[in-house]
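Engineer: What shape does this take:
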Amino acid sequence: MKRWLAISVLLVVVFACGWAQVVRNAEALRSAGAAVYPLEEGFVDANGVLLYYKAIGRGEPLLVLHGGPGASHDYFLPYLLPLARKNCVIFIDERGSGRSEKLQDPSEYTLRAMVEDVEAIRRNLRLGNIALLGHSFGGALAQAYALKYQQNLRNLILCSTWHSTKKMNAVFKQMKDTMPPDLRARIDSMEKVGLFGHGKEYERNRYTAEYSAAAWGEGYFPYLYQARPDPNYDPIASGNMSWDLYRTMWGSSGEFVIDGNLAEVEYGDRLPSISVPTLIIVGDHDECAPVLSQEMHDKIAGSKLVVLPASGHMTFVDQPVLFVKAVGEFLHSGK
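Structural biologist: This next block holds a predicted model:
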């Protein structure tokens, strides 16, 4: 009995010491001042789907939507970190992507469902009115959110994106038509026989390595980077994504045509209804051609258009200082 009493006392002392250390750490963070930026991560149960989020910094919330579809938030880091000096930057992994829950039924990967996911994150994290930044596919999602929930937005930032799948497909056709003939012939031949179901069993539900290298490497690369190509970029590694989601939303016909359910992205007639302050950023060599951003700018009254020089689709990699400056000044001008 005395032994168990001694053990119990010891456990209480250990717990008290441990909890005291937690309290001291929390107090130290609170008193650390402006040089220390908090980080929080977790999951939000959004409409029955667990969605991962990572919040960095302090200030008014800036929610960031990634591209793909089917990629993850990771490619934004470390490039967007400076924004955490003045905003609480919240990165998420969309449903089926990254660390978020995958769905058994791919038909549940839709823009409409993802719009409700964004709203559930905003509501459950009690963010109030937010600034919303979307890149590439994330920009299409951001537009869809704004068209339904713009009363919850302070600012909208559309980066390297498109508002019309028909017009985006025309850009892809032009991109393909201007390729070196031998590259175009190789890509055409692989697309003709089908891009899935080849190779070993574990390879059959994704692009072949040969097609990835041709399309994402030789074909896309001049439109991805200009001033500062990422030396670690690997078109094969870029295939680490949610493929069932990608095929449902983008389609199965290849990189140069969108024929999945993203074909519904035709927002041209509805963009004039957006009245929140809007910033549109695009690279001058962007995969999502600057002409698309110009059209969005023309349709959204009072919007601001920034074309970053010597920049491809990864504007924040090519021109990190200019990108952060453009976003920061837009969010904090007059404050």
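
Engineer: only C-alpha atoms for contact and neighbour calcs from this point on.
Structural biologist: Will do.

Engineer: Wait, F196 touches T208, no?
Structural biologist: Yes: at 7.3 Å, F196 counts as touching T208 under the criterion of CA atoms under 8 Å.

Engineer: Identify the contacts common to these two.
Structural biologist: Counting by CA atoms under 8 Å, 6 or more residues apart in numbering, F196 and T208 have no common neighbour.

Engineer: Around H332, count how many other residues there are.
Structural biologist: By other CA atoms under 10 Å, the residues close to H332 number 10.

Engineer: So what's the predicted local confidence for A34?
Structural biologist: Note for A34: predicted pLDDT of 74.

Engineer: give me the number of residues near it?
Structural biologist: Residues contacting A34 under the criterion other CA under 10 Å number 10.

Engineer: for K166, same thing?
Structural biologist: Neighbour number of K166 under other CA under 10 Å is 17.

Engineer: Name the helix or strand for it, please.
Structural biologist: helix 165-177 (DSSP states H and E).

Engineer: what does that helix contact?
Structural biologist: Under CA under 8 Å, 6+ apart, the answer for helix 165-177 is 162, 184, 219, 256-258, 262-266, 288-289, 292.

Engineer: so of those residues, which ones are in strands?
Structural biologist: Among the contacts of helix 165-177, DSSP state E puts none in strands.

Engineer: any idea which of those residues has the most stuff around it?
Structural biologist: Compared across those, W162 has the highest neighbour count, 29 neighbours, by other CA under 10 Å.

Engineer: surely it meets L292?
Structural biologist: Yes: using CA under 8 Å as the test, W162 is close enough to L292 to be in contact (6.1 Å).

Engineer: Point out where the stretch 1-150 of the chain drops to low pLDDT.
Structural biologist: Counting by pLDDT under 70, the stretch 1-150 of the chain shows low-confidence ranges at 1-33.

Engineer: hey, where'd the strands end up in it?
Structural biologist: 39-46, 49-56, 60-65, 87-92, 130-135 (DSSP state E, counting those that start in this stretch).

Engineer: With distance to A146 and mean neighbour count as added columns, please give the ones you listed in a markdown table.
Structural biologist: Compiled in a markdown table, these are given as follows (distance: least, CA to CA, whole Å; neighbours: other CA atoms under 10 Å):
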| stretch | distance to A146 | mean neighbour count |
| --- | --- | --- |
| strand 39-46 | 18 | 15 |
| strand 49-56 | 20 | 21 |
| strand 60-65 | 13 | 24 |
| strand 87-92 | 17 | 24 |
| strand 130-135 | 9 | 24 |
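
Engineer: Distance to T315 for these - can I get that in JSON lines?
Structural biologist: Conversion of the strands of the stretch 1-150 of the chain to JSON lines gives the following (distance: least, CA to CA, whole Å):
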{"stretch": "strand 39-46", "distance to T315": "25"}
{"stretch": "strand 49-56", "distance to T315": "21"}
{"stretch": "strand 60-65", "distance to T315": "15"}
{"stretch": "strand 87-92", "distance to T315": "18"}
{"stretch": "strand 130-135", "distance to T315": "10"}
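
Engineer: show me the contacts for the residue most central in space within the chain.
Structural biologist: By CA atoms, centre = their mean, the mean C-alpha position of the chain lies nearest to H66, the distance being 0.6 Å. H66 is in contact with S72, H73, F76, I92, D93, E94, G134, H135, S136, F137, G138, counting by CA under 8 Å, 6+ apart.

Engineer: Find the nearest non-adjacent residue to it, please.
Structural biologist: Nearest non-adjacent residue to H66, counting by CA to CA, 6 or more residues apart in numbering: G138, 4.8 Å away.
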